[in-house]
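K.L.:
pasting the structure only:
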């Protein structure tokens with residue numbers, strides 16, 4: 001029997017020669033190849049060029065410096081690698097190739113012949129269809145009590161402490177925002193760096209949310225209202241009413257969103273004024289949308305890698321990204337992407353009785369190789385009071401959907417960011433999940449995730465995390481010695497070694513060794529082994545691997561181990577093992593007997609001093625024998 005791949009190959013061979021100006025390359029996705037065989041009109045595509053690892057360079061930097069450095073590097077990389085290709089495209093009649101600098105990509109529409117020619121263009125890594133995203137909807141809701149959701153998640157307790165999100169910038173990617181609404185007009189940033197409209201020509205100068213006449217009408221306005229709405233109606237409707245908001249209109253007035261426009265908007269929220277030297281990007285980014293047409297499925301191929309690259313850059317810049325879990329429940333495995341991607345903070349919905357909503361998407365997610373829970377946690381999402389279009393008879397309405405539970409988590413992160421500006425993003429997310437109220441089956445489950453959002457409990461948890469001394473000098477950056485970068489046929493067991501200079505402040509420093517089969521440390525299988533007191537081995541799970549409560553609380557385990565390690569160090573306990581980082585011996589060494597043969601690994605060292613200062617080595621890779 002001739003397999004499908006053989007038929008496809010035969011079909012491509014039989015296509016008349018004038019149809020293609022260059023042979024098909026592996027840079028073309030299978031879905032795109034299928035489209036090109038029948039397409040007559042220009043096809044919308046995303047072309048991604050090769051990228052360098054800018055994330056490794058910013059590790060260990062403060063959040064503001066990391067963001068400015070990352071944005072500048074990404075934009076410079078795009079300018080240097082895209083210029084010739086943009087000139088070529090314009091010479092071929094492509095009027096407006098748009099730069100997606102966040103992933104070093106270009107978005108445009110072109111003929112099948114031109115696309116095939118680009119497959120062999122130097123530096124092109126992949127070419128994919130510009131997929132579309134269905135419009136988000138508002139589930140009809142019955143009348144309910146006013147602001148029950150705000151009370152349920154504990155936000156007023158933080159307001160009473162003067163914590164309302166002031167000084168924090170939140171962003172939404174949605175249908176738009178009705179700027180005329182009295183609960184939203186006062187805390188819009190204003191100006192060109194407060195609103196992004198990639199659809200209208202010329203772009204609309206101020207935020208707006210069109211009356212679409214369908215279930216998506218006013219969606220973006222209601223989402224923003226839940227996140228940061230004010231109190232013009234008598235009491236605040238938003239979780240973080242003191243936060244400043246910006247917004248990107250990723251959905252056109254009518255129809256579906258372009259994936260390229262979403263990627264462009266994700267870049268815009270990092271650098272709204274298009275000046276890397278100024279840090280005006282969002283601290284929190286809410287996404288109340290998803291691929292509803294991919295029920296129980298995952299993003300795959302180039303769609304997945306593009307989104308992963310974009311989100312990794314946002315995270316490296318210290319921007320928290322929240323997704324709604326989806327209104328695709330109640331069956332098991334009813335998740336949708338991107339919320340069901342690994343390492344994504346996805347939010348399900350509960351009602352006023354703290355029972356999971358019938359429509360709320362359920363886990364497990366087949367898209368998460370790490371075995372993390374889905375959803376991550378839940379928040380109120382049934383009959384929640386929020387803002388509506390000012391053209392409507394009333395200024396408020398009761399709305400339902402995970403679209404409105406997600407911005408409550410985003411708002412909660414804004415409160416925590418104001419209260420703890422020196423805490424890492426990992427710490428904030430870990431506290432949210434660890435402080436959540438367990439519902440449903442004991443422990444994490446596929447209906448409620450880690451539990452119901454409780455921002456007050458998260459606040460108190462963060463107060464007890466090891467404090468970061470703002471006057472502290474971080475420990476010197478570790479230098480990796482063995483295995484050498486790119487080494488092959490490394491014999492097992494592997495002995496890792498590194499050096500680090502003595503801490504300038506005289507602090508006790510703990511070194512953490514991280515090993516993963518993925519360069520982003522998202523390996524699915526942690527390596528378990530006994531460790532000396534002050535050298536902690538963490539495998540996989542991103543920059544900070546945490547296995548607590550299903551894995552979504554990345555970094556919680558690290559912080560717990562760090563706290564115990566520091567306690568043992570200060571009290572003289574913990575056995576006879578010597579810390580790898582004591583000033584008299586700034587050389588670390590650890591032998592791992594758990595690595596697999598013929599496997600490529602990435603590794604790095606994270607150094608944490610006793611006052612919370614952090615630095616990281618570069619990332620190195622090797623292959624075992």
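P.N.:
Arrived safely, thanks for sending. What you see is a predicted model, and the numbers here were worked out from it, not measured in a lab. Residues are numbered from 1 along each chain as shown.
K.L.:
quick check, residue 617 in contact with residue 498.
P.N.:
Yes: between residue 617 and residue 498 there is a contact under C-beta atoms under 8 Å: 6.6 Å. (Glycine included, C-beta is placed from N, CA and C.)
K.L.:
joint contacts of those two?
P.N.:
Here residue 617 and residue 498 have 478, 479, 480, 605 as joint contacts, going by C-beta atoms under 8 Å, 6 or more residues apart in numbering.
K.L.:
longest helix in the protein, please.
P.N.:
helix 63-91 (DSSP state H).
K.L.:
shaky segments in the stretch 451-600 of the chain?
P.N.:
Residues of the stretch 451-600 of the chain that meet the criterion pLDDT under 70 lie in 465-472, 518-586.
K.L.:
the same query, at a cut-off of 50, please.
P.N.:
468, 522-585 (pLDDT under 50).
K.L.:
what's the pLDDT at residue 185?
P.N.:
At residue 185, the model reports a pLDDT of 96.
K.L.:
just give the number of residues close to it.
P.N.:
Neighbourhood size, residue 185 [other C-beta atoms under 10 Å]: 16.
K.L.:
not including adjacent chain positions, what is the nearest residue to it?
P.N.:
Closest residue to residue 185 apart from its sequence neighbours, by C-beta to C-beta, 6 or more residues apart in numbering: residue 179 at 5.8 Å.
K.L.:
list the contacts of the one you found.
P.N.:
Listed by C-beta under 8 Å, 6+ apart, the contact partners of residue 179 are 185, 188, 206, 207, 208.
K.L.:
just to be sure, it is in a helix?
P.N.:
No: assessed with DSSP: H, G, I helix; E, B strand; the rest coil, residue 179 is coil; it does not lie in a helix.
K.L.:
what's the pLDDT at it?
P.N.:
You'll see residue 179 listed with a pLDDT of 98.
K.L.:
with residue 245 as the reference, measure out to it.
P.N.:
Distance, residue 179 to residue 245, using C-beta to C-beta, to the nearest Å: 10 Å.
K.L.:
ok, residue 292 next?
P.N.:
Taken as C-beta to C-beta, the span from residue 292 to residue 245 is 25 Å.
K.L.:
ok, residue 28 next?
P.N.:
For residue 28, the distance to residue 245 - C-beta to C-beta - is 39 Å.
K.L.:
how about the helices in the stretch 251-400 of the chain?
P.N.:
Along the stretch 251-400 of the chain, counting by DSSP state H, counting those that start in this stretch, helices occupy 259-268, 301-316.
K.L.:
quick one: the shortest one to helix 301-316, angle?
P.N.:
Counting by axes from the mean of the first three to the mean of the last three C-alpha atoms, to 10 degrees, helix 259-268 lies at 10 degrees to helix 301-316.
K.L.:
and helix 259-268, what does it pack against?
P.N.:
When contacts are defined as 3 or more C-beta pairs under 8 Å, 6 or more residues apart in numbering; DSSP states H and E, helix 259-268 packs onto strand 43-49, strand 98-100, strand 105-110, strand 132-133, strand 169-174, helix 301-316.
K.L.:
any idea which of the ones you listed is most buried?
P.N.:
Burial of the helices and strands packed on helix 259-268 is given as mean neighbour count (mean count of other C-beta atoms under 10 Å); strand 169-174 ranks first at a mean of 29.
K.L.:
run through who's touching it.
P.N.:
With contact meaning C-beta under 8 Å, 6+ apart, strand 169-174 is reached by 136, 189, 219-220, 223-224, 227-228, 240, 243-251, 262, 265-266, 269, 280-289, 407, 410-411, 414.
K.L.:
hmm, try it at 6 Å
P.N.:
Strand 169-174 has contacts (C-beta atoms under 6 Å, 6 or more residues apart in numbering) with 220, 223-224, 227-228, 243-248, 250, 265, 269, 282-287, 414.
K.L.:
residues making contact with whichever strand in the chain runs longest?
P.N.:
Criterion DSSP state E: the longest strand present in the chain is strand 600-609. Residues from elsewhere that reach strand 600-609, judged by C-beta under 6 Å, 6+ apart: 475, 478, 498, 500, 503, 507, 509-517, 519, 562, 614-617, 619-621, 623.
K.L.:
ditto for stretch 160-167
P.N.:
For stretch 160-167, contacts defined as C-beta under 6 Å, 6+ apart pick out 240, 241, 242, 243, 414, 415, 418, 419.
K.L.:
pull the most distant pair out of the residues you listed.
P.N.:
Greatest spacing in these, by C-beta to C-beta: 241 and 419 (14.9 Å).
K.L.:
so what's residue 490 up against?
P.N.:
Counting by C-beta under 6 Å, 6+ apart, residue 490 makes contact with 483, 622, 624.
K.L.:
nearest to residue 67 among those residues?
P.N.:
Closest approach between the contacts of residue 490 and residue 67, by C-beta to C-beta: residue 622, at 30.7 Å.
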